[in-house]
Structure formats: C-alpha cells, structure tokens
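> After the sequence you'll find the predicted model.
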Amino acid sequence: MPSSATSARSSPRSTRRSGRPPAADAGRAVEYEAVKAFITGATGFIGGAVAKRLRSRGDEVVALVRSPDRAEGLRRLGCDLVAGDLTDGYAIRSGLEGCDAAFHMAAVYKVGIPASERPAMHEANVEGTRRVLDVAIEAGVGRIVYVSTVNVFGNTHGKIVDEAYRRKDGRFLSYYDETKFRAHQIAEDRIAAGAPILIAMPGGVYGPGDSSQIATFIDQIRSGRLKFLTFPELGFNFLHVEDAAAGILLVHDRGRIGQAYVLGGELTTMGSAVRMVANLSGRKPPRFTVPAAMIKMSIPLAPLITRLMRLPPNLRELITAADGVTYWATDRKARTDLGYAPLDLETGMRQTLAADV
C-alpha cells in the first residue's frame, strides 16, 4: 500500500444531499448537481477553476493532490485532500469512495518536448486516464466527466468540425496530441461498454493565473517583446478559463451520458489574436512575419534558437503543430443542448489583461 495514499482530509461536511443518478440514463438529458465530487488536476489552471465553482455552489469536493502541503488554496476552499498522483491506484480509489461524480482533468500539456519526456507524458495522459476512469467505474460513480481536448481532431485543414468528426490519418502533430487521442479512445471504449462517462473537449484555454505556453505568448505580446510573427494562419478556438470551468460543469449537470461536447469561445487565427492582444495592450503588433520555410531551415540551429527564445527544445514538433494547422471545432452542440454561453475573445482578453496587471 503506497505511503502516498494517506488521506489528508480537511473540513469534512456533516450533512449531504441525497440522490445519485442511475449509472446509465439511456441517453436521457438530466439536470443534476453532484453531492460529492472527486477531481484530478485541481491544482492546475482549469481544475482549480472547476474546484472553486463546485465549492461555491455547495458541492463537496475531494481532490487528488501530490502534496497537500502545497494545496493550501484548495484546503481554504473547503476541499478534502487525498495525497497521491495518477500512478497511485489506491489513492484514487480512496478519494472516489462515496462520490457521486468524478472529474478527470489532470494532464501534462506541453508541445515541443524532447523524447526523454515522452514516457512521463504517456503515463500521465494515457495510463492515468485509464486508471482514473476504470477505478471510478468500479466504484460505481454515477457521472464521470473526462476532460479531453479539440486537439484529438488533429489538423482540421481550415474546416470547422464537430464532435462527430474523426481524423482521417494517423499523423499526430505533437506527442501531446497523440497521448490525448489515446486517452480519448479509452474514454470512448468505456462508453461503448456502458460506462456513465461524458466528455468535455475544450479548445485553447487562456485567462488569469495561466502558466502555459499560451500565457507566455500573451505576455510577450503585451510587453512588446514579440518582434516578429510566426505562423499567422495557425487556427485556434480560444476560450476563457471561467468559460471552460462553467462548460465542464454544464457537461456534468445537463449532458447526456456517452456524449462529447466541444467547449469553445471564438475561432480565430494567430495573426488576428496577436493584433487584438497588442491593440488591447497599447502596443503595436509585430511588423514582420517570418515565413514558414525560413523557420524550417533553422531546425539545425534548434538548440541555440530554443534557448535564446525560451522555447521547448523540440523545434521540429513545434513547427509541425503550427505550420498550416487549424484546430477549429464548433461548440454549437454545447450552446444548444447545455446552455453554454462563452465570452467573446475581446471581452475575455480584456479581463485577462486587466487581471494580470
């Protein structure tokens, strides 16, 4: 029994609302608020926002965290903390005990990683997903929300796709894309076997408190350090972190078991997004665009370039994931079926820039 499975519970609630939905609702839409929810990734960007929303509406939250001592913010929210990680089946099982809902959000998100970091990403994104879903199913959790990504669609080649779309080839743009695709398949396999799983598929999430590559890019623009533009036609579906969190809860509360829901905000290109952030920051957008061909020619100098520009070391993967690529998917289904109503990009970015001053 791993020592990391030791429970570090805080502020247990003495009363609970009753009522758990059936394990299979035959595709029927249900309105349901979890009485007790197990979550992974609660110390992360999106997971933290979900934890706050769950607690603010009175739900009991059990969070799997590597180190309870470093999760004081969750403790102050009134979350129960269970020490462990995605490799620790005992800790996951302990945290899921008595839960009516589970939200699996923990994942490693990086593009451009070296080969040496791939095993850790696979263990977290693929095997971790398999472990959490299987233990949640075994525990009899009534509604299990797996947070996937629109990246599983791969390059949409300028088309706006929906949840029914399936990529036409096995060419992955990054190892992150591949691991999330494999994890998505695991969730779909469990759904096909009758598991009460729902899938949320966010686009590119931004907002206050982010520390991802998206946040680094925004900071370069607002500070005036971005002197030239690369891959202006790279297509994204950006959404604010609060919209991502609200959407994930809507998937749980109103979604149909077995269904996937794209959570987006606004479809745009890198060039348009850069101009918007620059204008909102009172900066001039970059005047020069570096052609993709020139960037590809620089691959032999990758160690120097990535070090000078503070980029991940695998420049080839960064280029593959950006050159002529669109990650465009419509969130029409979530808007229509769930009442999902995200901010437009300009409003969300204004809020983000104001909060991060």
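Sure, I can see it. Numbering: from 1, shown residues only.

> Please list the residues outside stretch 204-224 that contact it.
With contacts defined as CB atoms under 8 Å, 6 or more residues apart in numbering, stretch 204-224 is touched by 45-46, 48-49, 109-111, 225-226, 236-242, 244, 274, 277-278, 281, 283-285, 310, 312, 327, 348-349, 351-353, 355-356. Quick note: C-beta positions are derived from backbone N, CA and C, even for glycine.

> show me where pLDDT drops low in the stretch 251-357 of the chain?
301-313, 357 (pLDDT under 70).

> Just the helices from it, written as ranges.
Remark: helices assigned in the stretch 251-357 of the chain by DSSP state H, counting those that start in this stretch are 270-280, 292-297, 302-308, 315-320, 332-338, 345-355.

> Which among those is found nearest to Glu188?
helix 332-338 (16.3 Å; CB to CB).

> Can you list the buried residues in the closest one?
Lys333, Ala334, Arg335, Asp337, Leu338 (16 or more other CB atoms under 10 Å).

> Quick check: Lys36 touching Phe103?
No: using CB atoms under 8 Å, Lys36 is not in contact with Phe103; the gap is 11.8 Å.

> Narrow the contacts of stretch 204-224 to those in strands?
Judged by DSSP state E, those include Phe236, Asn237, Phe238, Leu239, His240 as members of strands.

> show me what contacts the closest residue to Glu97 other than its chain neighbours?
Distance criterion CB to CB, 6 or more residues apart in numbering; nearest residue to Glu97, sequence neighbours excluded, is Ala139 at 7.0 Å. Ala139 makes contact with Arg93, Leu96, Glu97, Cys99, according to CB under 8 Å, 6+ apart.

> number of nearby residues for the second one?
By other CB atoms under 10 Å, the residues close to Leu96 number 24.

> Can we start the residue count at 36 from this point?
Sure, I'll start counting at 36 from here, so that last one is Leu131.

> quick one: it and Ile221, what's the gap?
17 Å (CB to CB, to the nearest Å).

> The third one too?
Remark: distance between Glu132 and Ile221 (CB to CB) = 23 Å.

> Could you report the distance from Ile249 to Leu112?
25 Å.

> One more: Phe273?
Phe273 is 27 Å from Leu112, where distance means CB to CB.

> Neighbour count: those two, which is higher?
Neighbour comparison, Phe273 and Leu112: the larger count goes to Phe273, with 26 against 19 (by other CB under 10 Å).

> residues contacting the more buried one?
Phe273 makes contact with Gly238, Gly239, Val240, Tyr241, Gly299, Gly300, Glu301, Thr303, Ala308, Leu380, Gly383, according to CB under 8 Å, 6+ apart.

> out of the residues you listed, who's nearest Ser102?
The shortest gap between Ser102 and any of the contacts of Phe273 belongs to Val240, at 24.0 Å (CB to CB).

> part of a strand, is that closest one?
Yes: according to DSSP: H, G, I helix; E, B strand; the rest coil, Val240 belongs to a strand.

> Mind checking what helix or strand follows the worst-scoring helix or strand of the chain on mean pLDDT in sequence?
Least confident helix or strand, the chain: strand 42-43 with a mean of 42, by mean pLDDT, DSSP states H and E. Sequence-wise, the next helix or strand downstream of strand 42-43 (DSSP states H and E) is strand 71-75.

> which stretches of the stretch 36-185 of the chain form helices?
For the stretch 36-185 of the chain, the helices defined by DSSP H, counting those that start in this stretch cover 80-91, 107-112, 124-131, 153-157, 163-173.

> can you tell me which of those comes nearest to Ala118?
Of all the helices of the stretch 36-185 of the chain, helix 124-131 sits nearest to Ala118, with 6.5 Å by CB to CB.

> What residues of the closest one count as buried?
Those buried within helix 124-131 under the rule 16+ other CB under 10 Å are Tyr125, Ala126, Ile127, Arg128, Ser129, Gly130, Leu131.

> Same question for stretch 226-246.
Quick answer for stretch 226-246 (16+ other CB under 10 Å): 226, 230-243, 245.

> okay, Glu132 and Ile221: which has more neighbours?
Neighbours around Glu132 and Ile221, counted as other CB under 10 Å, are more numerous at Ile221. The numbers are 19 against 12.

> tell me which element the more buried one is part of?
Here Ile221, judged by DSSP H and E, is contained in helix 210-227.

> can you give me phi and psi for the residue lying closest to Ile195 once chain neighbours are set aside?
Spatial nearest neighbour of Ile195, chain neighbours left out: Trp363 (4.8 Å); criterion: CB to CB, 6+ apart. Phi and psi for Trp363, reported as degrees, to the nearest 10, are phi -100, psi 130.

> what's the burial count for Trp363?
22.

> Give me the neighbour count for Asn190.
Asn190: 23 neighbours (other CB under 10 Å).

> Next: the one 4 residues further on.
Residue neighbour count, defined by other CB under 10 Å, stands at 12 for Lys194.

> if I pick the closest residue to it other than its chain neighbours, what's in contact with it?
For Lys194, ignoring the flanking residues on the chain, the nearest one in space by CB to CB, 6+ apart is Trp363 at 6.8 Å. For Trp363, the contacting residues are Thr191, Gly193, Lys194, Ile195, Val196, Gly270, Phe271, Asn272, Leu302, by CB under 8 Å, 6+ apart.
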